[in-house]
Each structure stands twice: as C-alpha cells, then as structure tokens.
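In: sequence and computational prediction follow.
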Amino acid sequence: MSPILDSIGSVKAYGWGSFVAVAPPAFESIATVSVGSGGQAYAEFTVIPSTYKHLQIRAIAKVVNNNAIAVNGLMQFNSDTGSNYARHLLDGNGSSASASGSSNQTSIVVCPFPDNNLSTLMFGSFVLDIPDYANTSKYKTIRSLSAYEMNNATYGAIRLYSGLWKNTNAITSIKIYGDGKNLDQYSSFALYGIKGVE
C-alpha cells in the first residue's frame, strides 16, 4: 500500500489498485459576508460552531471616503469592546521595514483598508488564522498576512500582524470593521473552519 501525498508531503489517502480512500477536506466554509451597495459599518460572523480546531478568514476590503491612503482594519471577539487586546506588526513597503506593538487596546489590527477615493479597484487583502479558538484554557491569538498595492511606487505595503485577546472564552462571534469608516461595496469576508487531526 502506497500513500498519496499532497503538495507539502502530508498523507492524503491510501489505496490499492483502482481503489482510493480520499481524506475529507481540511477546510470547511462556515459563512461569507459580502458588502452591498452603499457600504456598511462592519462585517460580523455570529454563528461559529465549536467543532473545529482552528478558524481562518480570507478577505478583501476597502473603506468609504476616508480621504487618506488607508485606515486600520480592526477585529473584536464576542462583542468585547474593552481594553483586552494586544497588537503587533511587521511592515514592509519595498524600501524600508519596521516593527511595532501595543497592549491594552480595544481591538486587534488585521489589515490596512484603502480608501475608495484612492482607487475603485484597490482593496486590502488578508488571510487570518485563529488557532484553538474554542479552547477555554488559554487566551486567544491571531496571525494575519495582509497587503494592499496600486502597482506604483507610492501606495502599497505587505504586513504581518499578530494579536492577543486576553480572554479564555471560546470565540463565538467575530466583528471586522474599518477604523472610523464604513466598509465599501464589494468588500468580502469568508470564514472557514479547519479540522484537527482525527
């Protein structure tokens, strides 16, 4: 019996001859939020089952009429608006790099959200992981790889964010919003559950 491997060498299935037992997908779609005409204040996932090992969010977003390059895209858990979050950032713009961090914040930063006045086609994008979101014995952390780019030397950045929510409760809801600005039309957020090892 020979294993069938995926692109990173993990075993996906075993089989003899023409019979193949295929492992189920590791990712399952939970919910999607798409912003319609006129924009909206935030995107929120309110029904998150506790049956997965980890969560992942994949998104593109921009904000309405900010008259600046970009604002912070922010995240809160379980409607917690208190100073119970910490933020960390590694930033690169093609010519320099920087790092920063802060504690006792009211949200986590996940991505720069560009202004729709800058370009109707310019969105910020991110892929964000929330490990052990349902574990009630530990604080919750996130890591987000994000970027925005306008194909020129003026506007663009790639950033790695991490964050901490100082709470041991299982995450049951997630709110994502622009810092002081509404999300613009066509912003889209998709939540996935990641299965653990069986």
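Out: Nice, I can see it. Numbers count the residues shown, from 1 in each chain.
In: how about the most centrally placed residue in the chain, nearest residue that isn't a chain neighbour?
Out: Centre of the chain computed as the mean C-alpha position; nearest residue by Cα atoms, centre = their mean is L128, 2.9 Å away. Excluding the flanking residues, the one nearest L128 by Cβ to Cβ, 6 or more residues apart in numbering is S144, at 4.0 Å. For the C-beta atoms, the positions are set from N, CA and C on the backbone; glycine is no exception.
In: show me what the one you found is bridged to.
Out: With DSSP bridges applied, S144 shows beta-bridge pairing to L128, Y161.
In: thinking it is in contact with V110, fair?
Out: Yes - S144 is within contact range of V110, at 4.6 Å (criterion: Cβ atoms under 8 Å).
In: any residues in contact with both of the two?
Out: Residues touching both S144 and V110 (Cβ atoms under 8 Å, 6 or more residues apart in numbering): 126, 128, 161, 163.
In: would you convert those into JSON lines that also reports pLDDT and distance to K138?
Out: Putting the shared contacts of S144 and V110 into JSON lines (pLDDT from 0 to 100; distance: Cβ to Cβ, whole Å) gives the following:
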{"residue": "F126", "pLDDT": "95", "distance to K138": "23"}
{"residue": "L128", "pLDDT": "96", "distance to K138": "18"}
{"residue": "Y161", "pLDDT": "95", "distance to K138": "19"}
{"residue": "G163", "pLDDT": "97", "distance to K138": "14"}
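In: so which of those residues is the closest to G39?
Out: Checking the shared contacts of S144 and V110 against G39 by Cβ to Cβ gives F126 as the nearest, at 18.7 Å.
In: right, and the closest one touches P112 too?
Out: No - judged on Cβ under 8 Å, F126 makes no contact with P112 at a distance of 9.1 Å.
In: which one of the two has more residues nearby?
Out: Per other Cβ atoms under 10 Å, whichever of F126 and P112 has more neighbours is P112, with 28 against 23.
In: show me what contacts the more buried one?
Out: 69-73, 124, 146, 148, 157, 159.
In: restricted to strands, list the residues you listed.
Out: Under the assignment DSSP state E, the contacts of P112 contribute 70-73, 124, 146, 148, 157, 159 to strands.
In: what would those residues look like in a markdown table with neighbour count and distance to D91?
Out: What follows is the ones in strands among the contacts of P112, written out as a markdown table (neighbours: other Cβ atoms under 10 Å; distance: Cβ to Cβ, whole Å):
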| residue | neighbour count | distance to D91 |
| --- | --- | --- |
| A70 | 22 | 12 |
| V71 | 20 | 15 |
| N72 | 22 | 12 |
| G73 | 30 | 14 |
| G124 | 26 | 13 |
| S146 | 23 | 10 |
| Y148 | 25 | 12 |
| A157 | 16 | 6 |
| R159 | 21 | 5 |
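In: pLDDT below threshold where in this structure?
Out: When residues are selected by pLDDT under 70, those of the chain lie in 1-25, 93-94, 119-120, 150-156, 197-198.
In: nothing else from me, thank you.
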